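Trainee: here's a sequence, model it:
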Amino acid sequence: MEDGEEIYDGIRAQFPVTFGKQSKAQTPLELIHNTTRRGGPTTTTTDGKPSSSSSSSPSVITNDLPTVSSSSKSWLHSLRKPKNQNPNFDTEDDEGGDVMVGPPRPFPESGSGDGEDEDGEMIVGPPRPPAGLVQSDEDDEIIGPPKPPPRFNANDSDEDADDEDDIEVENRFRIPLSNEIVLKGHTKVVSTLAIDHSGSRVLSGSYDYSVRMYDFQGMNSRLQSFRQLEPSEGHQVRNLSWSPTADRFLCVTGSAQAKIYDRDGLTLGEFVKGDMYIRDLKNTKGHITGLTWGEWHPKTKETILTSSEDGSLRIWDVNNFTSQKQVIKPRLARPARVPVTTCTWDREGKCIAGGIGDGSIQIWNLKPGWGSRPDIYVEKSHTDDITSLKFSSDGRTLLSRSCDDSLKVWDLRQMKAPLKVFNDLPNHYAQTNVAFSPDEQLFLTGTSVERESTTGGLLCFFDRAKLELVSKVGISPTCSVVQCCWHPKLNQIFATSGDKSQGGTHILYDPTISERGALVCVARAPRKKSVDDFEAKPVIHNPHALPLFRDQPSRKRQREKTLKDPMKSHKPDLPMTGPGFGGRIGTSQGSLLTQYLLKQGGMIKETWMDEDPREAILKFADVAAKEPKFIAPAYADTQPEPVFAKSDSEDEEK
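Mentor: Numbers count the residues shown, from 1 in each chain. All right, here's what the predicted structure looks like:
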């Protein structure tokens, strides 16, 4: 080591003193993360006592861990000159308190000393994995240093078994929630979330009909999305799912057609819509009503699964957008169209589970010759719509979340009754999901805000082994928590929330145990604008250019031209006044063309409007008496003198 340091100093002497130094002092990472630290008693434990998130909850331990600002010099120093350490683990000294860095030492075996193998030779390179502590599958090979023992803690003592158990439980439920950032941009509740497998790109869909794309590697502390999509105009985004290779993603909206996009947000295709007039759903080429859920196959990059309100599940091939591969019709008590509210694959993609609108859970095993008849049928598993189903990786446990404010844990080997029912978990959204922690020792779900509630939207963590509530983390005092995810590579928790006016994605992390993701973008300050960013648009004055490029004349000149124009400056005629008929002035009841022409020529004169009607009638009284034309000539021979009928009314006689 000393020779290496001399060589390094010799090489360093060849460069100027200022080589490689920053011109401006950067803000320390510790100060940056202090600005995102969660404050206030937002975390509660199972005993109901609030605990401040800034100092970590009882289930979160920040002691005995290196801080973010620990330098590499101290790390190298701890490797070069280790103190007296535990014989079993290269961890913390009982008196010194140095933190373990690197993989643990192997357990000493009988007949071999510390640092030697069975043949007595010195061990070179990373130590061998301890026997019985690292589980390996037959298909997977161990690459790199071994994992630490599952229940390892630097303060373990063989003498005190009780303290050992307490520390194991605390480490087991270590939740990264000391810091928090929010990805904003949506105007309504964020209903769905998808993070790719590497943890570099995040998708969020909302009830505002849009999908926003975030990239941790290219994002700075402003936390702005680099692209916004609107998959289907006027339809809510209900689910997003990445392909196994993370080169494409599936978008499910309230329309009947799902869409496939590439990693950069370019549309690759849209699945066909079925014929809504065909009664049998198996004879249609696609869904006929709005989709409810959709997921990509966990292993095969060409297969996806969708469910719809038309009462069917369909398996698609992404290379063929014109027809599905398989149609699954759930089992129903009576023939009807009951919507399928959610669906999911198991870890290996060999099993499909669907939540039906009648409250039942149905599971199909994908095997040769399989059909729509479910292998497992649980009738009336929930009293309301099922919003999410989730398989465990070992294929033994199934979690179900419903709008009946409950979360149920099922054993797939015995599905007659749930293992545990967690009630009092308000849920008002059809996309509220349930998720596992990376080691699947915990599972979590979000809650909705009720009118008279004072707790707000919570993120609830449950112990899978003991089937009990571990802690509740407050996400927003006014917004509901819809979807959540605990990313295994980043070790960060994502939770979507929102209401009718705003929406965002909350990211919970801990600088001591989380990696990349939020740590990368928070520490990257936005670039300052330079002179080159400002561009002044030049104004070119050319009086002889085309009219399209001419400057608009002033208003004063326009008014002068208008006054000189005889047509534009002409005073408009006054409206016509006088009698009329049918909305027209100067016309009589007779509106024929002949009558109009005769009136205009003076051949027909209308004087009735200026005369008294009684006098006009009495003018013809003498003529009618002397020369009757109608009634009198008819009775001239038979009744020369008119005889009027006598009235029987007494009043008339009087």
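
Trainee: okay, L223: pLDDT?
Mentor: Confidence at L223, expressed as pLDDT, is 89.

Trainee: name the residues linked to the nearest residue to it once chain neighbours are set aside by a beta bridge.
Mentor: The shortest distance from L223 to any non-neighbouring residue, by CB to CB, 6 or more residues apart in numbering, is to L183 (5.4 Å). For every residue, glycine as well, the C-beta is placed using N, CA and C. L183 forms beta bridges with T505, as assigned by DSSP bridges.

Trainee: confirm for me that L183 is in contact with L203.
Mentor: No. Assessed by CB atoms under 8 Å, L183 is found out of contact with L203, at 10.6 Å.

Trainee: between these two, which contacts overlap?
Mentor: Counting by CB atoms under 8 Å, 6 or more residues apart in numbering, the shared contacts of L183 and L203 are R212, Y214.

Trainee: what about H186, how many residues close to it?
Mentor: Residue neighbour count, defined by other CB atoms under 10 Å, stands at 25 for H186.

Trainee: report the contact partners of K564.
Mentor: Contacts of K564 (CB under 8 Å, 6+ apart): none.

Trainee: let's see the pLDDT reported for it.
Mentor: Taking K564 on its own, its pLDDT is 86.

Trainee: got the phi and psi for it?
Mentor: phi -80, psi -20 (degrees, to the nearest 10).

Trainee: repeat for S204
Mentor: According to degrees, to the nearest 10, S204 has phi -140, psi 130.

Trainee: what's stretch 488-495 in contact with?
Mentor: 175-177, 193, 195, 197-199, 202, 438, 444, 446, 459, 475, 481, 483-487, 505-510, 513-518.

Trainee: buried subset of the residues you listed, written for PyMOL?
Mentor: Typed into PyMOL, the next command selects the buried ones out of these (criterion: 16 or more other CB atoms under 10 Å):
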select buried, resi 175+176+177+193+195+199+202+444+446+459+475+481+483+484+485+486+487+505+506+507+508+509+510+513+514+516+517+518
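
Trainee: take the contacts of stretch 488-495 and keep only those in helices.
Mentor: Under the assignment DSSP state H, the contacts of stretch 488-495 contribute A518 to helices.

Trainee: who does A495 bridge with?
Mentor: Under the criterion used (DSSP bridges), A495 bridges to C484, H506.

Trainee: which pLDDT does the model give it?
Mentor: According to the predicted model, the pLDDT of A495 comes to 95.

Trainee: let's number from 625 now, not from 1
Mentor: New numbering, starting at 625: the last item is A1119.

Trainee: how far away is it from A1041?
Mentor: Computed as CB to CB, to the nearest Å, the A1119 to A1041 distance reads 31 Å.

Trainee: and the two? Which one has more around it.
Mentor: A1119 (28 against 11).

Trainee: hang on, L1068 packs against D1087?
Mentor: No. Between L1068 and D1087 there is no contact, the gap being 10.9 Å when judged by CB under 8 Å.

Trainee: distance check, the residue lying closest to V814 once chain neighbours are set aside against K812.
Mentor: Excluding the flanking residues, the one nearest V814 by CB to CB, 6+ apart is T1120, at 3.8 Å. Using CB to CB, T1120 is found at 11 Å from K812.

Trainee: now swap in G842 and tell me
Mentor: In terms of CB to CB, G842 sits 26 Å off from K812.

Trainee: before we move on, what about D1157?
Mentor: 33 Å.

Trainee: equivalent analysis for T1102, please.
Mentor: Counting by CB to CB, the gap between T1102 and K812 amounts to 14 Å.

Trainee: now do the shared contacts for the two.
Mentor: D1123.

Trainee: who has more neighbours, these two?
Mentor: Using other CB under 10 Å, the more surrounded residue of T1102 and K812 is K812, with 17 against 12.

Trainee: looking at that one now. What's its pLDDT?
Mentor: 93.

Trainee: who are the contact partners of it?
Mentor: S830, Y831, D832, G1122, D1123, K1124, S1125, Q1126, G1127.

Trainee: before we move on, what about S815?
Mentor: S815 neighbours (CB under 8 Å, 6+ apart): G829, S830, Y831, Q860, V861, R862, Y1053, Q1055, V1106, Q1107, T1120.

Trainee: most neighbours out of those, which is it?
Mentor: T1120 (32 neighbours).

Trainee: what sits against that residue?
Mentor: With CB under 8 Å, 6+ apart, T1120 has these contacts: 813-817, 828, 1070, 1105-1108, 1127-1130.

Trainee: one more time with 7 Å, if that's ok
Mentor: V814, L817, S828, V1106, Q1107, T1129 (CB atoms under 7 Å, 6 or more residues apart in numbering).

Trainee: now swap in C1145 and tell me
Mentor: Contacts of C1145 (CB under 7 Å, 6+ apart): F840, M843, N844, S845, L847.

Trainee: at 8 Å what do you get?
Mentor: With CB under 8 Å, 6+ apart, C1145 has these contacts: I805, F840, M843, N844, S845, L847.

Trainee: what helix or strand is the last one on?
Mentor: What it means is L847. Of the helices and strands defined by DSSP states H and E, none includes L847.

Trainee: S828 is in contact with that one, correct?
Mentor: No. Counting by CB under 8 Å, L847 sits too far from S828 to count as a contact (11.7 Å).

Trainee: mind listing the shared neighbours of the two?
Mentor: L807, Y838.

Trainee: now tell me which helix or strand of this protein has the poorest mean pLDDT.
Mentor: Every helix and strand of the chain was ranked by mean pLDDT, DSSP states H and E. The lowest is helix 696-704, at a mean of 41.

Trainee: for stretch 1135-1154, measure first residue to last.
Mentor: Using CA to CA, to the nearest Å, one end of stretch 1135-1154 lies 32 Å from the other.

Trainee: just the mean pLDDT for it, thanks.
Mentor: On average, stretch 1135-1154 scores 86.

Trainee: residues contacting the residue nearest to N943 when sequence neighbours are not counted?
Mentor: Nearest residue to N943, sequence neighbours excluded (CB to CB, 6+ apart): E926, at 6.0 Å. E926 is in contact with D941, V942, N943, counting by CB under 8 Å, 6+ apart.

Trainee: now which of these would you call buried?
Mentor: V942.

Trainee: restricted to strands, list the contacts of E926.
Mentor: Cross-referencing the contacts of E926 against strands under DSSP state E gives D941.

Trainee: of the contacts of E926, closest to T966?
Mentor: Closest to T966 out of the contacts of E926 is V942 (20.9 Å), distances taken as CB to CB.

Trainee: residues in contact with that closest one?
Mentor: R872, I884, L892, G893, K925, E926, T927, I928 are the contacts of V942 under CB under 8 Å, 6+ apart.

Trainee: what separation is there between it and W969?
Mentor: With CB to CB as the criterion, V942 and W969 are 15 Å apart.

Trainee: which parts of the stretch 775-924 of the chain are helices?
Mentor: Remark: helices assigned in the stretch 775-924 of the chain by DSSP state H, counting those that start in this stretch are 785-796.

Trainee: all the strands of it, residue numbers only.
Mentor: Ranges of strands in the stretch 775-924 of the chain, per DSSP state E, counting those that start in this stretch, are 803-810, 814-819, 825-830, 835-839, 851-853, 861-866, 872-877, 883-886, 891-894, 915-920.

Trainee: next one: the stretch 1025-1174 of the chain
Mentor: 1030-1035, 1044-1046, 1058-1060, 1066-1070, 1081-1087, 1092-1100, 1104-1111, 1116-1122, 1127-1133.

Trainee: any low-confidence regions in the chain?
Mentor: 625-650, 663-797, 1165-1177, 1200-1216, 1219, 1225-1233, 1271-1278 (pLDDT under 70).
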